[in-house]
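Asks: Need the 3D shape of this:
(chains A and B)
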Amino acid sequence: MTTVDSDTAIPSLAGVASLVSERGTVETPTKVDVRGLSFYYGDMRALEDVSIQIPEKQVTAFIGPSGCGKSTFLRTLNRMNDIIPGVRVTGTVLIDGKDIYGASTDPVTLRQHVGMVFQKSNPFPKSIFENVAYGLRINGLAASKTELADRVETSLRAAALWDEVKDRLSASALALSGGQQQRLCIARALAVEPEVLLMDEPASALDPIATQHIEELVFQLKTNYTIVIVTHNMQQAARVSDRTAFFWLGKLIEFDLTSRMFTAPTAKLTEDYVTGRFG
Amino acid sequence: MSRRRRDFVERVVEWALRACAGVSILVTLGIVSVLAVETFQFFREVSPSEFLFGTVWTPLFFQKSFGVLPLVAGTLLVSAIAMAVAVPAGLLTAVYLSEYAPATVRRVVKPVLEVLAGVPTVVYGYFALLFVTPLLQQVLPGLSGFNALSPGLVMGIMILPMVSSLSEDALHGVPRGLREAAYALGATKMQTTTRVVLPAALSGISAAGILAASRAIGETMIVTIAAGQQPRLTANPLVPVETMTAYIVQVSLGDTPAGTLAYRTIFAVGMLLFVSTFMLNLASNWLRERFREEYA
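Replies: Just a heads-up that it's a prediction; the model follows:
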């Protein structure tokens, strides 16, 4: 189902990606190195020859109009697309130099290292505590009850939710507000201590105040995590990210420091998009 | 067509539809009231406590005794055996179809299961009596020709499609986001299924089980044919028993004169049956509503 064809993929880097490699040169170490990735739903190509180097412990934003492939691309980074029947990936994705589509990579183990937060908050219909404990339990990451409780607390603190829920950890997660649910989902993802955190429009269903909470959180989290965030909101990309990648019709058009992307983009398409001429 | 004529046709159609709906309500009310009146007549002669707690059921004998417990025990025994077959098998089938089976397999298996549900119960009855019982007798020498085990097993097969189909609906109704959340935390498919999807679908699955129990309690043909007609207070599945439904058939077919006390017993038993299945259906509906609320 998944074929990795790096021999032919790497030379074809030249075209679109040349722009990226000239100006997006990464001084910080690269965490995720994608080379010539294409993605197909059945016969439809959703991503075409994407190459990008995502720096470690920074926030990288993916922007672009709906259907441009930014979410699909995000989901290739933890092999979340594997659970959809009939998809196909070509190219390579290296995380810490290891090909995640290689034969020796187990997607289940991979996802412990590459966490994900979804557009629609999706807490389990369990208690607040059990939601955060879930990943620890299934992966056997806590040796004792105290350790489990400690790690749940640490994760809730990291997600800036602890003070709001510490007195009702056994209450149902579904009783929380939308913004709290989303921070709970972030706490749940952090509990298994991933190195990379993928966020798929995490604030798109939230009100401005809850959105601000999430953005502040993203800013804090980058000291420990490599964060990739998909957003349809360009102001959000400008506020939270160090680097921004612009996708259009399944192609990576431009990738650069966020400050440059929004002030002096190289590609005409990027300029038109960030200035709101289409999209 | 003129505006007036059109409005007239609309009104006629509306009234016709209303009448159709009304008929089913009237019939239900009629059945319940006949049941209630005859049951009331019965309880004028037999005390409710004798009926509900008595352990001997011989209304057709010279020495009459009206303790319904042997019939209740027979019903519960056969239903329990049926549930023991249908719930695990149905649930596993549902999990397979919903979580594991490729789309092509699901397209074949679901209709096949629904064919099982369409087999007339009389066929199941003779299947139990003439095939399953002799087969079981080779393994269990003490098994009577009429017994609770064989119709129970066959009834389990009969209600299996109901359990699997309703459970599959419940599993299918669990939002995809919950599965993705589990996978994203490094859960395997089995961990996702057993620790996220199944618990989330539990109220829907319980509703399926309760509805199946209600169906098992009310099932008539299989037990009438294959369980025997001896009201007996026992938990032994190897001997003949009689269920509430089978008793009603027995009296209805026989030459018990209408209007006698023996004749009225079937209404009292019928009322008991009606109340228990009605309660189960209510419970099932309540659970299903709750499931729908959780994932609206």
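Asks: tell me, how many neighbours does the residue of the stretch 151-279 of chain A found nearest chain B end up with?
Replies: Nearest residue of the stretch 151-279 of chain A to chain B, counting by CB to the nearest CB: residue A:192, 5.9 Å away. All C-beta spots, glycine's among them, are computed from the backbone N, C-alpha and C. Neighbourhood size, residue A:192 [other CB atoms under 10 Å in any protein chain shown]: 22.
Asks: just residue B:27 next, same as before
Replies: Residue B:27, neighbours per other CB under 10 Å, totals 10.
Asks: do the same with residue B:219
Replies: Around residue B:219 there are 25 residues (other CB under 10 Å).
Asks: Just give the closest residue to it, not the sequence neighbours.
Replies: Once flanking residues are discounted, residue B:219 sits nearest to residue B:155: 5.7 Å by CB to CB, 6 or more residues apart in numbering or on different chains.
Asks: Flag every residue of the stretch 1-150 of chain B that's near chain A.
Replies: Neighbours of chain A within the stretch 1-150 of chain B, by CB under 8 Å from any CB of the partner chain: B:102-103.
Asks: Just give me how far the helix or strand where the residue nearest to residue B:219 lies sits from the chain centre.
Replies: If you go by DSSP states H and E, residue B:155 is part of helix B:149-172. Distance of helix B:149-172 from the chain centroid (CA atoms, centre = their mean, to the nearest Å) equals 10 Å.
Asks: same deal with stretch A:65-75?
Replies: How far stretch A:65-75 lies from its chain's middle: 11 Å, per CA atoms, centre = their mean.
Asks: Quick one: end-to-end length of that stretch, please.
Replies: 17 Å (CA to CA, to the nearest Å).
Asks: what do you get for stretch A:138-149?
Replies: End to end - CA to CA - stretch A:138-149 spans 15 Å.
Asks: quick one: that stretch near chain B?
Replies: Yes: using CB under 8 Å from any CB, stretch A:138-149 reaches chain B at A:138-139.
Asks: neighbouring contacts of that stretch?
Replies: A:112, A:133, A:135-137, A:151, A:191-193, B:182, B:185-188, B:191, B:195 (CB atoms under 8 Å, 6 or more residues apart in numbering or on different chains).
Asks: how does it look with 6 Å?
Replies: A:112, A:133, A:136, A:151, A:192, B:186-187, B:191 (CB atoms under 6 Å, 6 or more residues apart in numbering or on different chains).
Asks: mind listing what the spatially most central residue of chain A touches?
Replies: Chain A has residue A:198 as the residue nearest its centroid, 1.9 Å off, counting by CA atoms, centre = their mean. Applying CB under 6 Å, 6+ apart, we find residue A:198 in contact with A:74, A:77-78, A:116, A:228.
Asks: just curious, which of the residues you listed is nearest to residue B:288?
Replies: Nearest to residue B:288 among those, counting by CB to CB, is residue A:116 at 31.8 Å.
Asks: wait, is that closest one part of a helix?
Replies: No: read with DSSP: H, G, I helix; E, B strand; the rest coil, residue A:116 is strand and lies in no helix.
Asks: what pLDDT does the nearest residue to it once chain neighbours are set aside get?
Replies: Leaving aside its sequence neighbours, residue A:116 sits nearest to residue B:184 (CB to CB, 6+ apart; 3.9 Å). Confidence at residue B:184, expressed as pLDDT, is 94.
Asks: Ok, the one 10 residues further on next?
Replies: We note a pLDDT of 92 for residue B:194 in this prediction.
Asks: Check whether residue B:229 sits in a helix, strand or coil.
Replies: Following three-state DSSP, we place residue B:229 in the coil state.
Asks: CA atoms of whichever helix or strand comes after the helix holding residue B:155 as PDB?
Replies: On the C-terminal side of helix B:149-172, the nearest following helix or strand under DSSP H and E is helix B:176-184. C-alpha atoms of helix B:176-184 as PDB (Å, rounded to 0.1, in the frame of the first residue of the first chain):
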ATOM      1  CA  ARG B 176     -14.300   8.800  13.700                       C
ATOM      2  CA  GLY B 177     -12.500  11.500  15.700                       C
ATOM      3  CA  LEU B 178     -12.400   9.200  18.800                       C
ATOM      4  CA  ARG B 179     -10.700   6.500  16.800                       C
ATOM      5  CA  GLU B 180      -8.200   8.900  15.300                       C
ATOM      6  CA  ALA B 181      -7.500  10.300  18.800                       C
ATOM      7  CA  ALA B 182      -6.700   6.800  20.000                       C
ATOM      8  CA  TYR B 183      -4.500   6.000  17.000                       C
ATOM      9  CA  ALA B 184      -2.700   9.300  17.400                       C
END
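Asks: Please compute how far helix B:176-184 lies from its chain's middle.
Replies: With CA atoms, centre = their mean, you get 35 Å for helix B:176-184.
Asks: Mind listing what's buried along it?
Replies: By neighbour count on 16 or more other CB atoms under 10 Å in any protein chain shown, the buried set for helix B:176-184 is B:178-184.
Asks: now stretch B:158-177
Replies: By neighbour count with 16+ other CB under 10 Å, stretch B:158-177 contains the buried residues B:158-171, B:174.
Asks: What of stretch A:128-148?
Replies: A:128-139, A:141-142, A:148.
Asks: Could you list every helix and strand in contact with the helix holding residue B:155?
Replies: Applying 3 or more CB pairs under 6 Å, 6 or more residues apart in numbering or on different chains; DSSP states H and E, we find helix B:149-172 packed against helix B:69-95, helix B:103-118, helix B:121-127, helix B:202-218, helix B:221-226.
Asks: Reformat these as JSON lines; add mean neighbour count.
Replies: Formatted as JSON lines, these follow (neighbours: other CB atoms under 10 Å in any protein chain shown):
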{"stretch": "helix B:69-95", "mean neighbour count": "22"}
{"stretch": "helix B:103-118", "mean neighbour count": "12"}
{"stretch": "helix B:121-127", "mean neighbour count": "17"}
{"stretch": "helix B:202-218", "mean neighbour count": "23"}
{"stretch": "helix B:221-226", "mean neighbour count": "27"}
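Asks: Mind checking those for the one nearest to residue A:247?
Replies: Residue A:247 lies closest, by CB to CB, to one member of the helices and strands packed on helix B:149-172: helix B:103-118, at 30.1 Å.
Asks: May I have the closest one as CSV, with CA atoms only?
Replies: The C-alpha coordinates for helix B:103-118 follow below in CSV (Å, rounded to 0.1, in the frame of the first residue of the first chain):
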residue,chain,number,x,y,z
ALA,B,103,-15.9,-2.9,2.6
THR,B,104,-16.3,-5.8,0.2
VAL,B,105,-16.7,-8.4,3.0
ARG,B,106,-19.2,-6.2,4.8
ARG,B,107,-21.2,-5.9,1.6
VAL,B,108,-21.6,-9.7,1.4
VAL,B,109,-21.9,-10.6,5.1
LYS,B,110,-24.5,-8.1,6.2
PRO,B,111,-27.2,-9.2,3.8
VAL,B,112,-26.4,-12.9,4.5
LEU,B,113,-27.0,-12.2,8.2
GLU,B,114,-30.2,-10.4,7.5
VAL,B,115,-31.4,-13.5,5.6
LEU,B,116,-31.0,-15.5,8.8
ALA,B,117,-33.4,-13.0,10.4
GLY,B,118,-35.9,-13.7,7.6
